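Asks: the following comprises the amino acid sequence and a computationally predicted model.
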Amino acid sequence: MTLNLFKHGMVATLLILATTPRGRAQSSLSFPPQANCIYDLSAVTQAFTNTLAQNSIANGSLLILKDGQKLHELYSGTFNPNTLRLIASASKWLSAVIIMSLVDDGIMNLDDPVSRYFPAQYPGQKGTMTIRQMFSHTSGLPGDETSDALTRDDITLQQAAQIIATNNLIAAPGTVFCYGGLSMQLAGACAEVASGQSWSNLFYLRLKQPLGLTATTYGNTPNPRIAGGISSTLYEYATVLQMLLQHGLWGTNRVLSSNAVYVMQQDQTAGAFIQCSPYSKYGFGNTRYGIGEWREELRPDGSAYQIGSGGAFGFAPWIDLDRNVTGVFMVVNQMENVFPGVQQIKAAVRAAVDNTPCNHPPYLQIQPAGGNTNFVTLHGARGRSYSLENSGDLASWTNLFDLPGTNGLWEILLTTTNLPRLFLRAKVLP
């Protein structure tokens, strides 16, 4: 089936993606300037400036993207787009991408117990911990950040798994949420066993190479700290966020399935009691967790529209799904000091986007969904409604359905038809 996209009155932006498996990056790490709307970002600038001033921080940076375009970019002191800094717990989001890519390929399953990979070392109840629980902090392992399994560079990840096995569980797997690095370190060791490759090779083949990341690194160690050991730059981390916002696609590379991205965003804590969480000291102790990411802001139905994975040393990335926005804030300071300022920056970005009339024309994008289906994503203006129509000959058009104005982004599952050609167009409704 050939899919051709038209918008009302003229040919729309055509984005037919012929995706390829993971391979060399198809896009350079640069982002075009915002072209669709003019936003008042003075409050964002003020919030950034205030956050640095109130904490006596000389060096900092902020990058905000909307629709893959640069909405705002700020630098202070010596920081620039290529400044490389330890991102601490923001590593969890990138490590989760690697785990989910293995799940996509059938090499692992989120519900695999650790006993499948280390049967002798993890017997009994301890052996029932699953990969899902390990990457959502509900495994029952303690939140110890000083363990030799995390801090030693003279051991392998497999040896780290042996050390972790000596810990007693603080609760039955799945019953308690306790934020920490041990469970993800163990999951990384399981990934090595499942794939037959080192974590370093998995990191390169499944994240660095397809996204074109040249600086992002765990460092030269046989025991990479899965939950907190990555150093990255503003632009490289933003590239990962854009891939996630684009349902797992970067250029023509399918890094993750759209379902994998969806699963990462869902609440994976299953109602577990929150025993230890960094969000408790921020005043948001009920914040829940997906796979490698926090569910920061929720819609009325409980689904997350803002997700993030902040690090202890002042690195704060986030995605706003409703506004098609990604952001990265970077300083070197304790997160508990800058957290209020980061919250103000995020709120200022939301307000700037929401308060700017933006009537740019819609465009449609086709994404392979596997089998005999495709996803058609309609990007439009927030608050505007659209009608999706199809035609086999461009002479007569049939209304498929109307899309009510909400967040400006709709994902539609399109089933293959017997027509030799199928044309689609989106019309703005009055």
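Replies: Yes, it's here.
Asks: just to be sure, residue 242 is in a helix?
Replies: Yes: counting by DSSP: H, G, I helix; E, B strand; the rest coil, residue 242 falls inside a helix.
Asks: so it is in contact with residue 327, correct?
Replies: No: the pair residue 242 and residue 327 fails to qualify as a contact (CB atoms under 8 Å) at a distance of 11.2 Å. All C-beta atoms are positioned from the backbone trio N, CA, C, and that covers glycine.
Asks: now list whatever residues contact both of those two.
Replies: residue 65 (CB atoms under 8 Å, 6 or more residues apart in numbering).
Asks: these two: who's more crowded?
Replies: Each of residue 242 and residue 327 has its neighbours counted (other CB atoms under 10 Å); residue 327 has more, 25 against 19.
Asks: is the more buried one in a bridge, and if so with what?
Replies: Here residue 327 sits in beta bridges with residue 64, residue 318, going by DSSP bridges.
Asks: contacting residues for it?
Replies: Per CB under 8 Å, 6+ apart, neighbours of residue 327: 62-65, 241, 316-320, 345-346, 349.
Asks: let's have these in TSV, adding distance to residue 97 and neighbour count.
Replies: Below are the contacts of residue 327 laid out as TSV (distance: CB to CB, whole Å; neighbours: other CB atoms under 10 Å):
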residue	distance to residue 97	neighbour count
62	23	26
63	19	24
64	21	29
65	18	24
241	11	22
316	18	24
317	13	27
318	16	25
319	13	24
320	19	23
345	24	27
346	22	23
349	24	25
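Asks: looking at these, spot the one nearest residue 98.
Replies: If you rank those by distance to residue 98 using CB to CB, residue 241 comes first, at 15.7 Å.
Asks: quick check, that closest one in contact with residue 317.
Replies: Yes: between residue 241 and residue 317 a contact is recorded at 5.9 Å, counting by CB under 8 Å.
Asks: before we move on, back to that, from the contacts of residue 327, pick the one nearest residue 33.
Replies: Closest to residue 33, out of all of the contacts of residue 327 and judged by CB to CB, is residue 65, at 10.6 Å.
Asks: I'd say the closest one and residue 242 touch.
Replies: Yes: at 6.6 Å, residue 65 and residue 242 qualify as touching, with contact defined as CB under 8 Å.
Asks: can you list residues touching both of the two?
Replies: Here residue 65 and residue 242 have 31, 326 as joint contacts, going by CB under 8 Å, 6+ apart.
Asks: where are the low-confidence patches of the stretch 251-400 of the chain?
Replies: Scanning the stretch 251-400 of the chain for pLDDT under 70 picks out 357-363, 365-373, 379-383.
Asks: one more time with 80
Replies: Counting by pLDDT under 80, the stretch 251-400 of the chain shows low-confidence ranges at 356-384, 392-395.
Asks: overlap in contacts, residue 241 and residue 317.
Replies: Common neighbours of residue 241 and residue 317 (CB under 8 Å, 6+ apart) are 326, 327, 328.
Asks: nearest to residue 58 among those residues?
Replies: Using CB to CB, these come closest to residue 58 at residue 328, 18.7 Å.
Asks: got a list of what the closest one touches?
Replies: Counting by CB under 8 Å, 6+ apart, residue 328 has contacts 61, 62, 63, 234, 237, 238, 241, 315, 316, 317.
Asks: same question for residue 334.
Replies: Counted by CB under 8 Å, 6+ apart, residue 334 has contacts 312, 313, 314.
Asks: surely residue 319 touches residue 309?
Replies: No: Residue 319 is not in contact with residue 309 according to CB under 8 Å; the separation is 9.6 Å.
Asks: which intervals of the stretch 1-150 of the chain have sub-threshold pLDDT?
Replies: For the stretch 1-150 of the chain, counting by pLDDT under 80, the residues that fall below are 1-29, 35-38.
Asks: what are the boundaries of the helices in it?
Replies: Using DSSP state H, counting those that start in this stretch, the helices found in the stretch 1-150 of the chain span residues 42-54, 91-104, 131-134, 148-151.
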